[in-house]
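[1] make a model of this:
(one chain, ligands or ions: 1)
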Amino acid sequence: MNKKLSFTTRSIHSGYDASQHEGSLNPPVYMTSTYCFDDVEQGAARFAGEAQGHVYSRISNPTQAVLETRLADLEDAEACLATASGMGAITAAIWTLVRPGDTVIADKTLYGCTFSFFQHGLTRFGVNVEFVDCTDIEAVSRALSAKTRVVYFESPVNPTMRVIDIAAISQRVHDYNPGIKVMVDNTYCTPALQRPINLGADLVVHSATKYLGGHGDLIAGAVAGKQDLIGEIRLFGLKDMTGAVIAPLTAFLILRGLKSLSLRMERHSTSALALAKHLQGHKAVRAVYYPGLEDSPYFPLASRQMKAPGGMIAMELEGGFDAGVAFMNGLQLIKRAVSLGDAETLCQHPASMTHSTYAPEERAEHDISEGLVRLSVGLEDVEDVLADVEQALAGV
Ligand code: 7XF
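    Predicted structure coming up:
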């Protein structure tokens, strides 16, 4: 077939040829740590990078390779590296890119452990990190300097749901210096809803723990981009700096999850939109942050940049922190749990959970309010989710 297959079809088929694997419909799980060389010369050539082939599973594994080919294809990237966690992907990539004296410009709000890695990890090793409001292109421009090596952000942002203009930032940064790497955390959207490489970004990172896996049963990550850079991240950031290698069974489970990615993201999005609209009209709710709401300041950008608004909602209740706690404790069907992107609707409190790596004054500075409640809308019938939210709000 010459025609390029659709995204959904590729999420099921890409990167795997059953005829190479005894006709097995699904990729085999290669449970091996090492690979046998025909002779010393072959082993030496593989180590020297002069011959193709696996060497050791801290570097690559055939099941992982299927996943990497598929994810690269879905992100419209040349190559991909799958890792043991989202943090494994982020750290492997950043350690490969930065040197002492370099500056990383990051959005002012990030997932808590990414913030901690930047604020408390990189800075220990002489890398400067500047937190900037990346919804303000001029502010990003002002922060750029000869020392800037990476510009890093999430969109939508965890947990506040700000939406950042990937194309505009990529253009501005690359006009200034094409060598600066624009790195986008695409965890909230997945390539089913947003493809940052097509918008000009250099690297896409994921917590595959979330929607890519989709079933709350694994921890994994991925980074995608140009072949040469992904090769460097594999052979330095992964092999020597972090060792955050994905397990073959985990790679298999993500491949299984990807088969339903499009369907799941559509359903997460339609259910989240229905819930966001419902919450917006509720007297106990002070604010709803969801880019699919027409009066969201991010609605126009989100409509251009994202295929659908996704499954994540943040909200503030009338009565702030205490009301949020009462709401969460009143939930019966919805699970009180961190993480996101699962079949189950999950609810968590960023200030005390995912973003507790920020000091209270840092949370204030970075716009994470103490009363914010985050919902990851699952795949249940939305009427059941709405009913649980309704009864929990009634009890506040
Ligand atoms: O290392 P992980 O697979 O947990 O991924 C880290 C990560 C990276 N980027 C984003 C946007 C994330 O949300 C995450 C993990 N976040 C979870 C959450 O927000 O619930 C972690 C639970 S503490």
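[2] which residues touch whatever residue of the stretch 201-350 of the chain ends up closest to the ligand?
    The minimum distance from the stretch 201-350 of the chain to the ligand, using CB to the nearest ligand atom, falls at S207 (3.0 Å). The C-beta positions use only the backbone N, C-alpha and C, and glycine is treated the same way. Contacts for S207 (CB atoms under 8 Å, 6 or more residues apart in numbering) come out as S85, G86, M87, A89, Y111, D185, T187, A220, G221.
[3] which of those residues count as buried?
    Burial by neighbour count, judged by 16 or more other CB atoms under 10 Å, picks out S85, G86, M87, A89, Y111, D185, T187, A220, G221 from the contacts of S207.
[4] and these, which two are the farthest apart?
    Largest separation among those by CB to CB: Y111 and A220, giving 15.2 Å.
[5] all strands of the stretch 51-200 of the chain, in order?
    Counting by DSSP state E, counting those that start in this stretch, the stretch 51-200 of the chain has strands at residues 79-83, 103-107, 128-132, 148-154, 181-185.
[6] of these, which stretch is the most buried?
    strand 79-83 (a mean of 29; mean count of other CB atoms under 10 Å).
[7] give me the contacts around it.
    With CB under 8 Å, 6+ apart as the criterion, strand 79-83 contacts 64, 67-69, 71-72, 89, 92, 208, 220-227, 230-231, 233-234, 238, 242, 244-246, 251, 254.
[8] indicate whether it makes contact with the ligand.
    No - figure legend: strand 79-83 not in contact with the ligand (CB under 6 Å from any ligand atom); closest approach 8.6 Å.
[9] give the contact list for N158.
    Counting by CB under 8 Å, 6+ apart, N158 has contacts T109, L110, Y111, D185, T187, Y188, M312, T354.
[10] and it, its phi and psi?
    Main-chain dihedrals, N158, degrees, to the nearest 10: phi -90, psi 120.
[11] what score does it have for pLDDT?
    Looking at N158, its pLDDT stands at 98.
[12] now do K3
    79.
[13] likewise H366?
    On the pLDDT scale, H366 is placed at 85.
[14] distance-wise, check it relative to N128.
    Relative to N128, H366 is positioned 17 Å away (criterion: CB to CB, to the nearest Å).
[15] before we move on, what about H268?
    Taken as CB to CB, the span from H268 to N128 is 37 Å.
[16] next: Y289.
    30 Å.
[17] check R70 too.
    Distance from R70 to N128, counting by CB to CB: 36 Å.
[18] next: I94.
    Applying CB to CB to I94 and N128 gives a distance of 13 Å.
[19] identify the contacts common to the two.
    With CB under 8 Å, 6+ apart as the test, I94 and N128 both reach V104.
[20] where in the chain is the helix or strand with the lowest mean pLDDT?
    None of the helices or strands of the chain scores lower by mean pLDDT, DSSP states H and E than helix 360-365, at a mean of 92.
[21] now do that one: distance to the chain's middle.
    Distance, stretch centre to chain centre, for helix 360-365: 23 Å (CA atoms, centre = their mean, to the nearest Å).
[22] just checking: what are the partner strands of the very next helix or strand once past that helix?
    Per DSSP states H and E, the first helix or strand lying C-terminal to helix 360-365 is strand 373-376. Here strand 373-376 has these sheet partners by DSSP bridges: strand 312-317 (antiparallel), strand 346-348 (antiparallel).
[23] please identify the most buried of the ones you listed.
    Most buried among the strands paired with strand 373-376, given mean count of other CB under 10 Å as the contact rule, is strand 312-317, at a mean of 24.
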